[in-house]
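K.L.:
Pasting the sequence and the predicted coordinates here, then a few questions.
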Amino acid sequence: MNTGAPWPSLAEAEARALAMQTKLHRWATSDSGRRFDDVFNLVHNPAFLLVAWNRVQGNKGARTAGADGITPRSIRNPEAFLAGLQDDVKARRFTPTRVRERMIPKPGGKQRRLGIPTVADRVVQASMKLVLEPVFEADFKPCSYGFRPRRRAQDAIAEIHYLASRTYEWALDADITACFDEIDHTALMDRVRDRIADKRVLKLIKAFLKAGILSEDGVNRDTITGTPQGGILSPLLANIALSVLDEHMTAKWEASGTDWQRKALRKRGGATYRIVRYADDFVVLVAGQRKHAEAMRDEVSKVLAPVGLRLSDAKTTVAHIDEGFDFLGFRIQRRRKKGEAGKRAVYTYPSKKALVSVMDKVRTLTRRNKHRTLSDLLRRVNPVLRGWCTYFRHGVSKRVFSYLDHYAFWRVVTWIRKRHVGLNWGTIRHRFLRDWEIRDGAIELFRAHAVEVTRYRYRGARIPAPWANGLEQAA
């Protein structure tokens, strides 16, 4: 690729970047031992930078500023900004800035640290991700789903459902303590070096890891471990570190032999294991006995220790599929099948915790003093209900949707009655509740009970990477 070419249009940039990514992925897939030693020029390539900028300024974080106080949307001349950034990166003058810390409340009163990089750092990280992701995707195992292209949480739930319905009845539901904060930099860089030999790229990755944090109280802190959660490159780096667990469990599975050998092993009192991971959340499913699942605690801890990670003793539990467990907001449990005596089936449905969370959001949004008009209220409530139902529509969720719909409907009705104290019930019904649908002008309340529930198709390992078409054409 000619890195001295003039700036292309966005369509041209996306085509050029995709073509180069396809080549990188093909080379990485065809040679598992290949180390890429000349990819720095792609990081500052106009096509990659333009695609990176488009993604940075188009996401939700475009309204948020880093430590320098600048937001992507406030940059009036993107061409000049990208040209200057390209010159700095190419001349190796570019230095990452400390990320701005923001503490996000979590259930139970705890807080999660979010690191917000500057706009320039975001663009460079996005460009690096465009270069690195096709290479490392060639090595990632099918059992991981989080922050990977064309994969989603529903794929992880579908795989658990598939395995739990086929002899994998015990589960180690694991929780890693402060995963993004405690990843060991040396171990992470060693894994990156397995594929990347370009010292300029390695130096840039290390600079981002060591950039530091500007805390909410204005104190500068060094980052000795971890990759700040919130950075565009952080999920990829976390997956690179956590893939050590995928590789261990995959090797363990393959060592157990063929299907009939695994079946014979279980008959002799042994066990077989499968892992399903979504970022730092994972479940080890066990076809065996409880003691086998309990023994996996120590084994997983030993695998994670070299990359600086550890399991939370309090949150890591062992459960039988008949008891059920929560994962990615779903409750996964085997129960009696309605209408079929003596038969049991594995069901996936929204967990109580997930339902309480969305109800709390609706309750907060429907407080009396939150909105001036009903249309303002509906514009805030509808995206919450629609997003929640879209996520859970592939589970056994119809009854939960009806419950949530009833709750949201009467919360909004209560808001209307408190907002219009002088109106009687008949006037309120006539003005706002015709045909028992809440509307204000052209906007009406999203009805959760009307969402269609469908079973998610289990795709197994047949999830192609975005660059797979190039592989097929080359073959």
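P.N.:
Received, thanks. Numbering: from 1, shown residues only.

K.L.:
Just give me the neighbour total for the closest residue to Arg152 other than its chain neighbours.
P.N.:
In space, and not counting its chain neighbours, Arg152 is closest to Tyr145: 6.7 Å by Cβ to Cβ, 6 or more residues apart in numbering. To be clear about C-beta, it is placed using only N, CA and C from the backbone, and glycine gets the same treatment. Neighbourhood size, Tyr145 [other Cβ atoms under 10 Å]: 24.

K.L.:
what does the one 3 residues further on give?
P.N.:
Using other Cβ under 10 Å, Arg148 has 20 other residues around it.

K.L.:
how close does it sit to Ala156?
P.N.:
11 Å (Cβ to Cβ, to the nearest Å).

K.L.:
Which parts of the protein are strands?
P.N.:
Along the chain, the stretches classed as strands by DSSP state E are 99-105, 111-116, 170-175, 213-214, 220-221, 272-278, 281-287, 317-320, 325-327, 330-336, 344-350, 439-440, 443-444.

K.L.:
Tell me which of those strands lies nearest to Pro78.
P.N.:
strand 111-116 (19.7 Å; Cβ to Cβ).

K.L.:
Show the average pLDDT along that closest one.
P.N.:
Taken as a whole, strand 111-116 has a mean pLDDT of 83.

K.L.:
Likewise for stretch 88-101?
P.N.:
94.

K.L.:
Okay, now that stretch: how far is its last residue from its first?
P.N.:
Terminal residues of stretch 88-101 are spaced 25 Å apart (Cα to Cα, to the nearest Å).

K.L.:
Then stretch 267-286?
P.N.:
Where stretch 267-286 begins and where it ends lie 14 Å apart, using Cα to Cα.

K.L.:
If you count neighbours, what's buried in that stretch?
P.N.:
Residues of stretch 267-286 classed as buried by neighbour count (16 or more other Cβ atoms under 10 Å): 271-286.

K.L.:
any idea which of these is the one closest to Val346?
P.N.:
Distance to Val346 across these (Cβ to Cβ) is lowest for Leu285, with 11.3 Å.

K.L.:
Now do the contacts for that closest one.
P.N.:
By Cβ atoms under 8 Å, 6 or more residues apart in numbering, the contact set of Leu285 is 160, 163-164, 168, 170-171, 273-276.

K.L.:
repeat for Val99
P.N.:
Neighbours of Val99 in contact, by Cβ under 8 Å, 6+ apart: 66-67, 115-117, 121, 211-214, 228, 230-231.

K.L.:
try 10 Å this time
P.N.:
With contacts defined as Cβ atoms under 10 Å, 6 or more residues apart in numbering, Val99 is in contact with 66-67, 113-118, 121, 208, 211-214, 223, 228-231, 234.

K.L.:
Give me the subset of those residues that lies in helices.
P.N.:
121, 208, 234 (DSSP state H).

K.L.:
where along the stretch 251-400 of the chain do the helices fall?
P.N.:
For the stretch 251-400 of the chain, the helices defined by DSSP state H, counting those that start in this stretch cover 259-267, 290-304, 352-365, 374-392, 398-419.

K.L.:
I'd like those as JSON lines, with distance to Arg455 and mean pLDDT appended.
P.N.:
What follows is the helices of the stretch 251-400 of the chain, written out as JSON lines (distance: least, Cβ to Cβ, whole Å; pLDDT from 0 to 100):
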{"stretch": "helix 259-267", "distance to Arg455": "25", "mean pLDDT": "95"}
{"stretch": "helix 290-304", "distance to Arg455": "27", "mean pLDDT": "97"}
{"stretch": "helix 352-365", "distance to Arg455": "19", "mean pLDDT": "96"}
{"stretch": "helix 374-392", "distance to Arg455": "13", "mean pLDDT": "96"}
{"stretch": "helix 398-419", "distance to Arg455": "12", "mean pLDDT": "95"}
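
K.L.:
was I right about Arg195 contacting Ile240?
P.N.:
Yes - counting by Cβ atoms under 10 Å, Arg195 does reach Ile240; the two are 8.8 Å apart.

K.L.:
What's the end-to-end length of stretch 58-65?
P.N.:
Terminal residues of stretch 58-65 are spaced 14 Å apart (Cα to Cα).

K.L.:
Now do the buried residues in that stretch.
P.N.:
61-62, 64-65.

K.L.:
Among those residues, which one sits closest to Leu328?
P.N.:
Leu328 has its nearest neighbour among the buried residues of stretch 58-65 in Gly61, at 22.4 Å by Cβ to Cβ.

K.L.:
Enumerate every residue touching the closest residue to Ser127 other than its chain neighbours.
P.N.:
Closest residue to Ser127 apart from its sequence neighbours, by Cβ to Cβ, 6+ apart: Ala52 at 4.1 Å. Each residue near Ala52 by Cβ under 10 Å, 6+ apart is listed here: 13, 17, 43, 45, 82, 85, 122-131, 232.

K.L.:
how about the buried residues of stretch 58-65 in JSON lines, adding pLDDT and distance to Trp415?
P.N.:
Shown next, in JSON lines, are these (pLDDT from 0 to 100; distance: Cβ to Cβ, whole Å):
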{"residue": "Gly61", "pLDDT": "82", "distance to Trp415": "31"}
{"residue": "Ala62", "pLDDT": "83", "distance to Trp415": "31"}
{"residue": "Thr64", "pLDDT": "89", "distance to Trp415": "30"}
{"residue": "Ala65", "pLDDT": "90", "distance to Trp415": "33"}
